[in-house]
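Undergrad: Make a model of this:
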Amino acid sequence: MIHLPKGYAYAVAAAGFKKKARPDLGLIVSETEAVCAGVFTTNLFQAAPVTACREALAARPHARALVVNSGQANACTGTLGREDCEAARAMIGRLAGVEPRDVLPSSTGVIGPRLKLDLWEAALPLLGESLGQAGPEDVAKAMMTTDTRHKLTSASVTLSGGEVRLLGMAKGAGMIGPNMATMLAFVLCDAEVDPQWWQGLLSREADRSFNAVIVDGDTSTNDTALALANGASGVRAESAADRELLALAVRDALFDLAYMLVEDAEGGTKVARIQVSGAKSDADAELVARAVGTSPLVKTALFGEDANWGRVVCAAGRSGASFDPERLTLRFGEVLVFAQGRPESGDLDALLGPVMKEPEVPILIDLGAGDGFFEVLASDLTRDYVSINADYRS
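TA: Numbering: from 1, shown residues only. Next comes the predicted model:
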């Protein structure tokens, strides 16, 4: 069951940006002005829509519409690319009956080419006809690129003033690495919220979810997560208890979407849940988790269902974290593999065979140095990943 937040309308159109007859332009319009928070890529090459969103939210943390296109990244396009972005916002503003400043754009696709504004113009009538007739699933599908499935989650939360609803959607399957994971994500909510609190919530929870997933370690030029709360429910998250309930719902939604990103990794067959505990600090735990999660040797072993534990401890040792190798313990699921500087006795391959065949493989590392903890979700690395990315522009 999808819990639809009140006060949002959806539209899609097949503009032909890359493939004909496939929806590749999506629009979400809030019936009232919505509080908006955003988190964006840390790549120094900021795509035009990223720059536009950053500037819009810096001026005023509110929006009325989100527009997303696949097939054209509008990244590394210079001044002309920014002008194209503003032209597209103006088109959408006219269609939706809102100011261009209240339209927040997102794009995904090949870096370099400019937007095909003639195709945008031609698609506007179709987008207008679709507005209010399409649903969130349609928008989630329209922004897919190499994704094999759309990614959608929702929740209903009862606050002291009544029910509020939350819906999240995302796209992403490749060029995914932390800071911020390569993806587009939108969260829609019908609660009344404080703008500063809403931004802090999204930033904090994105760090725990979207910034803790790894497919290939790359960080795109276009990464964008936007969260709207339009107050259409008439219920305000005012008390500390209400805010905590809503925060938990946002956290769950972002974690759901983050897991879906890794589960749908380009060519992926496994999700590795890498938990590092016992570190001197959370930062040290993060160093180890990321080193293991980005290691091509670990990732290819996962694909081969080969419990090559040596690759894991090797990655931990080169991570830059401070710990005593003699105190590190390593488990794959419930099976203790390595402790006190040496492998456990017994037929580890036989014990680990069933664990490695599961779609999710837990890799549990305890550094024995403190209370620091960090978790990363990582995909395996497969032949199909190479094929997909070798042919991406074909």
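Undergrad: which residues does Met1 contact?
TA: By C-beta atoms under 8 Å, 6 or more residues apart in numbering, the contact set of Met1 is Ser154. All C-beta atoms are positioned from the backbone trio N, CA, C, and that covers glycine.
Undergrad: Adjust the sequence numbering to begin at 35 for everything that follows.
TA: Got it, first residue is 35 now, which makes that one Met35.
Undergrad: in the single longest helix found in the chain, what's buried?
TA: Using DSSP state H, we find that the single longest helix of the chain is helix 274-297. Across helix 274-297, burial judged by 16 or more other C-beta atoms under 10 Å covers 276-277, 279-281, 283-284, 286-297.
Undergrad: Point out the other helices and strands that the helix or strand just after that helix packs with.
TA: Next in sequence after helix 274-297, counting helices and strands by DSSP states H and E, comes strand 305-313. The helices and strands touching strand 305-313, judged by 3 or more C-beta pairs under 8 Å, 6 or more residues apart in numbering; DSSP states H and E, are helix 274-297, helix 316-328, helix 330-337, strand 394-400, strand 406-413.
Undergrad: how distant is the last one from the center of its chain?
TA: The chain centre lies 15 Å from the centre of strand 406-413; the measure is C-alpha atoms, centre = their mean, to the nearest Å.
Undergrad: before we move on, what about the fourth one?
TA: On the basis of C-alpha atoms, centre = their mean, strand 394-400 is displaced by 22 Å from the centre of the chain it belongs to.
Undergrad: Below-threshold pLDDT in the stretch 285-428 of the chain: ranges please.
TA: The stretch 285-428 of the chain contains residues with pLDDT under 70 at 301, 422-428.
Undergrad: For stretch 402-412, buried residues please.
TA: Under 16+ other C-beta under 10 Å, the buried positions of stretch 402-412 are 402-404, 406-412.
Undergrad: ok, the longest strand seen in the chain: who's next to it in the sheet?
TA: Once the chain is assigned using DSSP state E, the strand that runs over the most residues is strand 59-74. Here strand 59-74 has these sheet partners by DSSP bridges: strand 42-47 (antiparallel), strand 96-104 (antiparallel), strand 258-263 (antiparallel).
Undergrad: Turn the ones you listed into TSV, including mean neighbour count, distance to Arg361 and mean pLDDT.
TA: Formatted as TSV, those follow (neighbours: other C-beta atoms under 10 Å; distance: least, C-beta to C-beta, whole Å; pLDDT from 0 to 100):
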stretch	mean neighbour count	distance to Arg361	mean pLDDT
strand 42-47	24	52	98
strand 96-104	25	48	97
strand 258-263	27	38	96
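Undergrad: Out of those strands, the one nearest Ser164 is which?
TA: strand 42-47 (4.0 Å; C-beta to C-beta).
Undergrad: For that closest one, report the contacting residues that lie outside it.
TA: Contacts for strand 42-47 (C-beta under 8 Å, 6+ apart): 57-65, 157-158, 160-162, 164-170, 172-173, 175-176, 222, 224, 262, 264, 266.
Undergrad: Now with 6 Å, please.
TA: 57, 59-64, 157, 160-161, 164-166, 168-170, 172-173, 176, 222 (C-beta atoms under 6 Å, 6 or more residues apart in numbering).
Undergrad: So what's the residue count around Glu394?
TA: 14 (other C-beta atoms under 10 Å).
Undergrad: my guess is it meets Val305, correct?
TA: Yes: in this structure, Glu394 is within contact of Val305 by C-beta atoms under 6 Å, at 4.8 Å.
Undergrad: ok, back up a step: and the buried residues of stretch 402-412 as JSON lines, adding distance to Leu186?
TA: Below are those laid out as JSON lines (distance: C-beta to C-beta, whole Å):
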{"residue": "Gly402", "distance to Leu186": "41"}
{"residue": "Ala403", "distance to Leu186": "40"}
{"residue": "Gly404", "distance to Leu186": "39"}
{"residue": "Gly406", "distance to Leu186": "34"}
{"residue": "Phe407", "distance to Leu186": "30"}
{"residue": "Phe408", "distance to Leu186": "27"}
{"residue": "Glu409", "distance to Leu186": "23"}
{"residue": "Val410", "distance to Leu186": "23"}
{"residue": "Leu411", "distance to Leu186": "18"}
{"residue": "Ala412", "distance to Leu186": "23"}
